[in-house]
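>>> Predicted coordinates and the sequence they were generated for:
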Amino acid sequence: MIAPGSYEELRNELATRHEDLSKRLKQIAEYALDNPNDMALETVSGIAERASVQPSSLIRFAKAFGYSGFSEMQRVFRTHLVESGANYKERIRSFGRDDETAEYTRNIVLDDFVDGGIAALDNLREVVDPDKFEAAIKYLGEADVIYLAAQRRSFPVASYLAYAFAQLDKRCVLIDGNGGMFFEQGRSIRKGDALLAISFKSYSPEVVQLVKETRENNIPVVSISDGVLSPLTQNSDVCLEVEDIEVHAFRSLAATMTLALTLVVALGRQLQE
């Protein structure tokens, strides 16, 4: 087996083989993708403690992907860190004011959320693939009806998209699940339509299942989610990646709503053409 030579290659390999990994190796893969800076800078024992695994498991993990040992895999993460600059999660940590003696004022909390939103928006520039974005617009533009599915924190995004698409005179249906009718509403999706699904950790089981069933029926699925290990990514024709940072135990929707607005504007231009 040839070991991935770049972070993107390794990232794609982790996503492709994730379901075939053992429980322990899955745990390490998820930690590695969520914490690439730790993988680049920490010692084996430090990473093992944070990931709640044995150090030997990290060595086994590296060898499972063709590396001679953990040090060789770690070089891939270090190269990525140098090339990409400070990871935006690391930047966010500098915004936190964890001193228990500090006086929390409304302005301080506001500053934290504003800084978090700025960091998430900066990250959005880097993670959205232009080719995937264009493919998403193509699927949505060609659909007879766009069905929108989201629950929990993601629901406001789907609700906004339903409003905005209607302003474009693009037929759409918001699957809101009122009266426990989520799947019944989803069964209205037909050939020629498209599903736009939105979900983040912890993923809505209803949305995950609808995405899988829709894809199995050979109906285009476009999704917005938070990484290559998302179950939406695995079952979508196109998945646009976005991640809003957690600040004070809350996640805003700054980057997600910006991505949604960008979809609306791009779709509107395509429909005009």
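Noted; the coordinates are in hand.
>>> Can you show me the strands along this protein?
Under the criterion DSSP state E, the chain carries strands at the ranges 146-150, 172-175, 194-198, 221-225, 238-241, 246-247, 250-251.
>>> most centrally placed residue in the chain?
Nearest to the mean C-alpha position of the chain, counting by Cα atoms, centre = their mean, stands residue 226 at 1.0 Å.
>>> thinking that residue is in contact with residue 203, fair?
No: contact criterion Cβ atoms under 8 Å: residue 226 and residue 203 do not qualify, at 9.0 Å. In this view, the C-beta of every residue, glycine as well, is placed from N, C-alpha and C.
>>> which regions of the chain sit below the pLDDT cut-off?
The chain contains residues with pLDDT under 70 at 84-106.
>>> hmm, 50 instead?
Applying pLDDT under 50 to the chain picks out residues 97-102.
>>> ok, longest helix in it?
Taking DSSP state H as the criterion, the chain has its longest helix at helix 106-127.
>>> now it, how far from the chain's geometric center?
Its chain's C-alpha centre and that of helix 106-127 lie 17 Å apart, by Cα atoms, centre = their mean, to the nearest Å.
>>> now swap in stretch 41-56 and tell me
Worked out by Cα atoms, centre = their mean, stretch 41-56 lies 25 Å from the chain centre.
>>> Kindly report the same for stretch 228-243.
Counting by Cα atoms, centre = their mean, stretch 228-243 is centred 6 Å from the centre of its parent chain.
>>> Tell me which residues are up against stretch 152-161.
Residues outside stretch 152-161 that contact it (Cβ atoms under 8 Å, 6 or more residues apart in numbering): 148-150, 172, 174-176, 196, 198-200, 204, 207, 224, 251, 253, 256-257, 260, 263-264.
>>> Pull out the buried residues from it.
Neighbour counts over stretch 152-161 (16 or more other Cβ atoms under 10 Å) mark 153, 154, 155, 157, 158, 160, 161 as buried.
>>> before we move on, back to that, out of the strands of the chain, which gets nearest to residue 5?
Across these, residue 5 has its closest neighbour in strand 238-241 (21.8 Å, Cβ to Cβ).
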